[in-house]
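Undergrad: Predicted model, plus sequence, below.
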Amino acid sequence: MANQNILIYDTTLRDGTQREGLSLSVEDKVLIADRLDRLGVAFIEGGWAGANPKDDEFFRQMQERPLNHAELVVFCSTRRAGLKAKDDPMLVPILAAETKWVAIFGKSWDLHVIEGLRTSLDENLAMIDDTIAYLTSCDRHIIYDAEHWFDGYKNNPDYALKTLKAAHDAGAKWFALCDTNGGTLPDEVAAITKIVDESLRQWGCNSPSIGIHTHNDAGLAVANAIAAVRHGATMVQGTINGYGERCGNANLCSVIPNLQLKMGYDCIATAKLSQLTEVSRQVSEIVNLAPDDHAPFVGASAFAHKGGIHVSAVQRNPLTYEHIAPESIGNNRRIVISEQAGISNVISKVETFGICLRKEDAACRQILQMTKDLERVGYQFESAEASFELLVREALGDRPKFFTISSFHVYCTTESLSIDGDVNSQATVKVMVKGEEHLTAAEGNGPVAALDIALRKALIGFYPEIANFYLTDYKVRILNSDSGTQATTRVLIEFSNGKRRWTTAGVSDNIIAASCKALGEGLEYGLLAAVRYTKF
Ligand SMILES: CC(=O)SCCNC(=O)CCNC(=O)[C@H](O)C(C)(C)COP(=O)(O)OP(=O)(O)OC[C@H]1O[C@@H](n2cnc3c(N)ncnc32)[C@H](O)[C@@H]1OP(=O)(O)O
Ligand SMILES: CC(=O)C(=O)O
């Protein structure tokens, strides 16, 4: 096992914002920088000053609130061809950002020099040299991002090495090898990184100074970053949740635990590793992108066990189906209930309802069979745990009868069928509550709303707490679309009381009946949870 520091260089605020669909305000950038600083990454690349007003403002604000731990980095290209660095207006805002560290990207690939920059190979070397020497003379520390390093090296190794030597001789402190197009394979990254390591030593550079910046176009960004570390890289560039241009960058939420937990490197303080899941979710919240439940390490499903065989074994020893302890990165183990379940899933799940069952209890098998039979006709309990809890309590004779819906009628009336025409819905519901039958009617802008209002009217006098339960999501899924309008429908309804959320399911070949069942169970579960759970 290694025992060496790997410096984590986060570029969520720069390369991360090059992801299609991701845009940050200055306030968002400050929030993310602060969170990353508290996580303990070594470098935070904040953006390209001068490229847009937001990045200028971000660096201005950061001057008033310096980071506690990380080094803030401003990013820019080498100077424009044909200019002197000191005369290039592009470098003015870079200096005005007043960061100690500057990342300068330059061309390594002759194809890019000729076709992208449309300049000569010698002028590109001069651009690298002049830009780095000038910024160094202004007391800046330079991280040189060798753009398209691997493609450039494969195409013309001599020229690629000349570009890196120019950066070295001009005073760059770090050399970040970029797999800009994301198409390089791990064995190529390993071999080429080793060559760079040897070259840097020949040039008299003995301190660790290789960085790696990988993209995920071939699904290999994390593997390539790790391959580079194995062969001499001591800085890894990446982003939280792998956000970045096209298919993204190396995901630091995978890179960090792999390096730290499996390879024994020190990336962030061990005590902070357990913040990783939280950081991943906080950043996804700030960037306003749904978290990827199936993300390695930090996804909600990363330690969710569904197959009965898995659950049975995990209960005996988590190592049987978990590659690391979920708590080490702040995630947690979850047991999923579904038609793939076995008795072990049932026992484990009901434990979370405060119910203790043993394998020998007949109720276990009965609950499992009911679950499988109901999933056969269209239920999906992994998304409707509240309905599953009601099913369990029913099987155990522990489901209080708060109310029973005896019947309902729903009518829709419309003046015209045009898209703008008013459609009015009315519902009447007959409900048994505490031995009395109540008939209520209500209007709504849709049949489900009308049903919901009518049901609440009947119940509110008995259970005033239902005023605090509100609908937060309503999903409909057609289960056998080949049956057209006769198809079986699954309705999932999510409720909240402002503190907790719960979801119920209804299945029927009538969408209103499916909705009525899910609605009724949603209100019933809220009442039950208010009695059973102190923190509800
Ligand atoms: C691999 C990477 O991810 S690098 C980072 C990429 N990120 C971004 O591009 C986001 C921020 N970019 C921007 O806001 C704009 O592109 C700017 C402000 C940087 C430049 O805008 P413009 O001046 O309008 O130029 P434009 O974007 O059209 O073209 C890029 C120019 O940079 C030049 N260029 C590209 N790479 C380099 C380099 N390493 N060194 C010097 N010049 C470069 C191109 O040759 C082109 O020059 P030209 O204007 O003389 O043709
Ligand atoms: C510098 C950079 O973002 C890249 O080469 O991918």
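TA: Looks like it came in fine. Quick caveat, the model's predicted, so the values are computed rather than measured. Ligands and ions are numbered 1, 2, ... in the order given.

Undergrad: can you give me the strands for the stretch 251-400 of the chain?
TA: Ranges of strands within the stretch 251-400 of the chain are 304-305, 334-335, based on DSSP state E, counting those that start in this stretch.

Undergrad: Contacts only, for the residue of the stretch 401-536 of the chain at minimum distance from ligand 2.
TA: As assessed by C-beta to the nearest ligand atom, ligand 2 sits closest to residue 473 within the stretch 401-536 of the chain, at 37.8 Å. All C-beta spots, glycine's among them, are computed from the backbone N, C-alpha and C. Contacts for residue 473 (C-beta atoms under 8 Å, 6 or more residues apart in numbering) come out as 492, 493, 494, 503.

Undergrad: Reformat those as a markdown table; add neighbour count and distance to residue 153.
TA: Output for the contacts of residue 473, formatted as a markdown table (neighbours: other C-beta atoms under 10 Å; distance: C-beta to C-beta, whole Å):
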| residue | neighbour count | distance to residue 153 |
| --- | --- | --- |
| 492 | 21 | 52 |
| 493 | 29 | 57 |
| 494 | 19 | 52 |
| 503 | 24 | 53 |
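
Undergrad: Quick one: those residues as TSV, columns for pLDDT and distance to residue 216 too.
TA: Converted to TSV, the contacts of residue 473 look like this (pLDDT from 0 to 100; distance: C-beta to C-beta, whole Å):
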residue	pLDDT	distance to residue 216
492	96	32
493	97	37
494	96	32
503	97	33
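
Undergrad: can you list the domain ranges for this protein.
TA: The chain breaks down into these domains under automatic domain parsing: 7-286, 304-376, 404-530.

Undergrad: Which of those domains sits closest to residue 395?
TA: Residue 395 sits nearest to domain 304-376 of all the domains of the chain, at 5.1 Å, using C-beta to C-beta.

Undergrad: Give me the distance between the two termini of the closest one.
TA: The first and final residues of domain 304-376 sit 22 Å from each other (C-alpha to C-alpha, to the nearest Å).

Undergrad: Give me the distance between residue 55 and residue 487.
TA: 51 Å (C-beta to C-beta, to the nearest Å).

Undergrad: Going by proximity to ligand 2, name the top residue of the stretch 301-450 of the chain.
TA: residue 329 (26.1 Å).

Undergrad: Grab the nearest non-local neighbour of that residue.
TA: residue 276 (4.5 Å; C-beta to C-beta, 6 or more residues apart in numbering).

Undergrad: dump the residue contacts of that neighbour.
TA: 39, 253, 256, 257, 297, 298, 329, 330 are the contacts of residue 276 under C-beta under 8 Å, 6+ apart.

Undergrad: related to what we said a few turns ago, tell me which of the domains of the chain is the most buried.
TA: The highest mean neighbour count among the domains of the chain, using mean count of other C-beta atoms under 10 Å, belongs to domain 7-286: a mean of 20.

Undergrad: Report whether it contacts ligand 1.
TA: Yes. Counting by C-beta under 6 Å from any ligand atom, ligand 1 is contacted by domain 7-286 at 18, 48, 51-52, 77-78, 80, 105-107, 116-117, 127, 147, 180, 245.

Undergrad: ok, which stretches of the stretch 51-200 of the chain are helices?
TA: Here the stretch 51-200 of the chain has its helices, by DSSP state H, counting those that start in this stretch, at 53-64, 92-96, 110-111, 121-137, 149-155, 157-170, 186-202.

Undergrad: just how off-centre is the shortest one within its chain?
TA: Going back to what we said before, that points to helix 110-111. Relative to its chain's centre, helix 110-111 lies at 36 Å (C-alpha atoms, centre = their mean, to the nearest Å).

Undergrad: who does it touch, helix- and strand-wise?
TA: helix 149-155 (3 or more C-beta pairs under 8 Å, 6 or more residues apart in numbering; DSSP states H and E).

Undergrad: Show residues contacting the helix it packs on.
TA: Contact with helix 149-155 is made by 107-112, 146, 159-161, 163, 177-181, 183-184, 188-189, 192, 195, as judged by C-beta under 8 Å, 6+ apart.

Undergrad: Repeat that for stretch 366-379.
TA: Contacts for stretch 366-379 (C-beta under 8 Å, 6+ apart): 337-339, 341-343, 345-346, 350, 381, 387-388, 391-392, 395, 479, 488, 490, 505, 507.

Undergrad: before we move on, the earlier item: generate TSV for the helices of the stretch 51-200 of the chain, with distance to ligand 2 and mean pLDDT as supplementary columns.
TA: Listed next are the helices of the stretch 51-200 of the chain as TSV, based on distance: least, C-beta to the nearest ligand atom, whole Å; pLDDT from 0 to 100:
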stretch	distance to ligand 2	mean pLDDT
helix 53-64	15	98
helix 92-96	15	98
helix 110-111	14	98
helix 121-137	14	98
helix 149-155	8	98
helix 157-170	13	98
helix 186-202	14	97
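
Undergrad: Which of the residues of domain 7-286 next to ligand 1 fall in strands?
TA: 77, 105, 106, 107, 147 (DSSP state E).

Undergrad: Show me what residue of the stretch 101-250 of the chain gets nearest to ligand 1.
TA: For the stretch 101-250 of the chain, C-beta to the nearest ligand atom, closest residue to ligand 1: residue 117, 4.6 Å.

Undergrad: residues touching that residue, list them.
TA: 81, 107, 124.

Undergrad: please redo it, this time with the cut-off set to 10 Å
TA: Residues in contact with residue 117 (C-beta atoms under 10 Å, 6 or more residues apart in numbering) are 77, 78, 80, 81, 106, 107, 123, 124, 127.

Undergrad: which one of those residues sits closest to residue 424?
TA: residue 77 (61.7 Å).

Undergrad: For that closest one, which non-adjacent residue is spatially closest?
TA: Nearest one to residue 77, counting by C-beta to C-beta, 6+ apart, is residue 105 at 5.5 Å.

Undergrad: Contact partners for that neighbour?
TA: Residue 105 touches 48, 75-78, 128, 143-148, 176, 178, 180, 213, counting by C-beta under 10 Å, 6+ apart.

Undergrad: distance of it from residue 185?
TA: In terms of C-beta to C-beta, residue 105 sits 23 Å off from residue 185.

Undergrad: before we move on, what about residue 109?
TA: From residue 109 to residue 185 the distance is 17 Å (C-beta to C-beta).

Undergrad: Residue 328 is in contact with residue 302, correct?
TA: No. Counting by C-beta atoms under 10 Å, residue 328 is not a contact partner of residue 302; they are 11.9 Å apart.

Undergrad: next helix or strand past the host helix or strand of residue 8?
TA: Residue 8 belongs to strand 7-10 when elements are defined using DSSP states H and E. Using DSSP H and E, the helix or strand that follows strand 7-10 in sequence is helix 26-39.

Undergrad: returning to what we had before: distance to residue 222 for the helices of the stretch 51-200 of the chain - can I get that in TSV?
TA: Output for these, formatted as TSV (distance: least, C-beta to C-beta, whole Å):
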stretch	distance to residue 222
helix 53-64	27
helix 92-96	30
helix 110-111	27
helix 121-137	29
helix 149-155	16
helix 157-170	24
helix 186-202	10
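
Undergrad: nearest to residue 422, of those helices?
TA: Going by C-beta to C-beta, the one of these nearest residue 422 is helix 53-64, 44.5 Å.
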